[in-house]
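1. Prediction below, plus the sequence it came from.
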Amino acid sequence: MNIYVLMKRTFDTEEKIVIEDGRIDEEGAEFIINPYDEYAIEEAIQLRDEHGGEITVVTIGGEDAEKQLRTALAMGADKSVLINVEDDVEESDQFTTVKILEAFFEDKEYDMILAGNVAIDQASGQIGPRLAESLDIPCVTTITNLEVDGDKAKIERDVEGDVEKIEVSTPVLVTCQQGLNEPRYPSLPGIMKAKKKPLEELELDDLDLDEDDVEPKTKTIDVFLPPEKEAGKILEGEIDDQVNELVGLLRNEAKVI
């Protein structure tokens, strides 16, 4: 199988994060592989080990993302690609990301593309479905089980507290979430091997793109923290009195009725 995994470098939410002017101060932040992408990498490794083939991990970013790509290689991926946009893209959105990935996959052959369900920094969940639409291949999101038999994939996914079972033809793009597997930690031999595994670096020119082609379609006007919640109110007295007071509060203060 020819397997690709989409990976994003995100900040570590378990470490201290400093907010300045409504934005995360990246200078003091720790960065990791987006946790949902780890499920995608692990699933790709299991598929490769069962069916044979090759795993390529792809990310868009700057030179700093090499560390996370090497971690993916240490986990067991075969190759990695860094699409370096550090000098070409000042502002980006989901359109930008998908446009770059669409150009990357234009001349590629693939049986399976795996991605995380969401990225923990923006959590839009748009990249996988939008890329699948651009490539004109099936897409199944939030999967919890995946079995491949020839050119068919049997998939289970969460739907409102239940399980949906789907069968699709490959190539297919799936987005992965917690419960699909248990991502492995890189072993010492894996870390040593990762140093010799291929890490290809591309730029927009290599994909026949320029800055105008990937100009974002959205603009961030403001970023702010949600307001602090006010203290709750406990209603006391007889039930009828509590009901009357609650109705009054909903009508006069909350203004929802």
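-> The structure has been received and is ready for your questions. Please read all numbers here as calculations on a predicted model, not as lab measurements. Numbering: from 1, shown residues only.
2. for Ser187, phi and psi?
-> Main-chain torsions, Ser187, degrees, to the nearest 10: phi -90, psi 160.
3. Contacts only, for it.
-> Taking CB atoms under 8 Å, 6 or more residues apart in numbering as the criterion, Ser187 is in contact with Ala74. C-beta: built from backbone N, CA, C; applies to glycine.
4. Ok, Glu109 next?
-> Going by CB under 8 Å, 6+ apart, Glu109 touches Asn2.
5. if I've got this straight, it is in a helix?
-> No: counting by DSSP: H, G, I helix; E, B strand; the rest coil, Glu109 is located in no helix; its state is coil.
6. Where do the helices of the protein begin and end?
-> Along the chain, the stretches classed as helices by DSSP state H are 35-51, 66-75, 94-105, 127-135, 188-194, 239-252.
7. got the CA positions of the fifth one in PDB?
-> Read that as helix 188-194. Provided in PDB are the C-alpha atoms of helix 188-194 (Å, rounded to 0.1, in the frame of the first residue of the first chain):
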ATOM      1  CA  LEU A 188      15.800   4.200  20.700                       C
ATOM      2  CA  PRO A 189      16.500   2.100  17.600                       C
ATOM      3  CA  GLY A 190      13.700   3.900  15.800                       C
ATOM      4  CA  ILE A 191      15.200   7.300  16.800                       C
ATOM      5  CA  MET A 192      18.600   6.200  15.400                       C
ATOM      6  CA  LYS A 193      17.100   4.900  12.200                       C
ATOM      7  CA  ALA A 194      15.000   8.100  11.700                       C
END
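8. what about it, average pLDDT?
-> Mean pLDDT, computed over helix 188-194, is 94.
9. And the fourth one, by the same measure?
-> Averaging the model's pLDDT scores along helix 127-135 yields 96.
10. Which residues are in contact with Val148?
-> Counting by CB under 8 Å, 6+ apart, Val148 touches 1, 47, 50-51, 112, 154, 170.
11. so what pLDDT did it get?
-> 95.
12. again, but for Ala119
-> We have a pLDDT of 90 for Ala119.
13. That one - how many residues pack around it?
-> 22 (other CB atoms under 10 Å).
14. Go ahead and confirm it touches Thr10.
-> Yes: Ala119 is within contact range of Thr10, at 5.7 Å (criterion: CB atoms under 8 Å).
15. Now do the shared contacts for these two.
-> Common neighbours of Ala119 and Thr10 (CB under 8 Å, 6+ apart) are Asn34.
16. Of the contacts of Val148, keep whichever come out buried.
-> Among the contacts of Val148, the ones that count as buried by 16 or more other CB atoms under 10 Å are 1, 47, 112, 170.
17. rewinding a little: and Thr144, which of the helices of the chain is closest to it?
-> Closest to Thr144 of the helices of the chain, according to CB to CB: helix 35-51, at 9.8 Å.
18. Need the mean per-residue confidence for that closest one.
-> Mean predicted lDDT for helix 35-51 stands at 96.
19. Ile127 is in contact with Val98, correct?
-> Yes: using CB under 8 Å, Val98 makes contact with Ile127 at a distance of 6.2 Å.
20. on that earlier part again, which members of the buried ones among the contacts of Val148 are positioned in strands?
-> Met112 (DSSP state E).
21. Determine which two of the buried ones among the contacts of Val148 are furthest apart.
-> With CB to CB as the measure, no two of those lie farther apart than Leu47 and Thr170, at 10.9 Å.
22. And Glu15, how far from Ile32?
-> Distance of Glu15 to Ile32, computed by CB to CB, to the nearest Å: 9 Å.
23. Compare neighbour counts for those two and give me the winner.
-> Each of Glu15 and Ile32 has its neighbours counted (other CB under 10 Å); Ile32 has more, 18 against 11.
24. related to what we said a few turns ago, identify the contacts common to Leu47 and Thr170.
-> 112, 148.
25. and Lys108, what is it in contact with?
-> Tyr4.
26. 10 Å instead?
-> With contact taken as CB atoms under 10 Å, 6 or more residues apart in numbering, Lys108 is in contact with 2, 4, 56, 58, 135, 171.
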